[in-house]
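>>> Return a 3D structure for these sequence lines:
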Amino acid sequence: MLKNTQLKNILVIDIETVSQYANFNELDEEWQELWTKKTNLLNNQETTPAQIYDRAAIYAEFGKIICIGLGIFYAENDETNLKIKAISGHNEKEVLQEFADLLNSKFNTSNHLLAAHNGKEFDFPYICRRMLINGIEIPSILDISGKKPWEINHIDTMELWKFGDYKNYTSLNVLAKCFGIPSPKDDIDGSLVGHTYWQQNDLERIATYCKKDIITTAQVLMKYKGEKLIPFENIEVN
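Presented below is the predicted three-dimensional model:
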């Protein structure tokens, strides 16, 4: 798998998202009504829209991006190395603009690829929607409008694991366990990102968690290519 894919052309990404506001009561009346209508489709009426407002984070219309993790492969001394960083901040537009600038300047050819776990269903479309909402032009590598399937330079590690089985959902944590990769969930997990952001105001902790997911996704890609895991000392985290 991915035998002909050159690691140096891949940018591994992962996003962390939260609800637009700390709680439901901070929404204006129209947004409360829209979220209520949305939740009518999501739950069995045993909970109120306010009680499940934390779920707003997973919907681009009701959430926002606070962190984008990035990982690039490079060769040194005949070994594969990995460099990790995160773009994070409270101003979503600034986070997205910095990411867009990076893609436009460094990942703008037909040889470049974006990789993420469940990226095709979550990360890639979420980023595009939030860019449009923030008035940012979507970089070419993310803009799939009018492109043929083979022209879309996206790698989804979860989709590849399905092998055509559309019923299968496999978390990054499960794949890490299968391949003997150290778990990225040794601190917080996705369900705690909203609490960590709104109640603890700890964006740095979220960025650290995001970087760990990048490392794990990159290691899964190594396994998909039939190569050995990248040694810890070959991973540079900024």
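>>> helix or strand right after the strand ranked longest in the chain?
Criterion DSSP state E: the longest strand present in the chain is strand 63-76. Going down the chain from strand 63-76, the next helix or strand is strand 79-88, by DSSP states H and E.
>>> Off-centre distance for that next one?
Centroid separation between strand 79-88 and its chain, computed with C-alpha atoms, centre = their mean, to the nearest Å, is 14 Å.
>>> buried residues in that strand?
Residues 80-82, 84-88 are the ones in strand 79-88 that count as buried (16 or more other C-beta atoms under 10 Å). Any C-beta I mention is one placed from the backbone N, CA and C, and that applies to glycine too.
>>> you'd agree residue 115 is in a strand?
Yes. Residue 115 sits within a strand when classified using DSSP: H, G, I helix; E, B strand; the rest coil.
>>> Quick check: it touching residue 14?
No. Using C-beta atoms under 8 Å, residue 115 makes no contact with residue 14, being 9.7 Å away.
>>> Give me the common contacts of those two.
Taking C-beta atoms under 8 Å, 6 or more residues apart in numbering as the criterion, residue 115 and residue 14 both touch residue 217.
>>> Now do the strands in this protein.
Per DSSP E, the chain carries strands over the ranges 10-19, 63-76, 79-88, 113-116, 154-156, 235-237.
>>> can you give me the helices for this protein?
Ranges of helices in the chain, per DSSP state H, are 29-40, 92-106, 124-133, 157-162, 172-179, 193-198, 203-224.
>>> got any ranges where this protein has weak pLDDT?
41-45, 183-186 (pLDDT under 70).
>>> In contact with the residue nearest the centre of the chain, which residues?
Residue closest to the mean C-alpha point of the chain, counted by C-alpha atoms, centre = their mean, is residue 14 at 2.6 Å. Residues in contact with residue 14 (C-beta under 8 Å, 6+ apart) are 68-69, 116-117, 123, 210, 213-214, 217.
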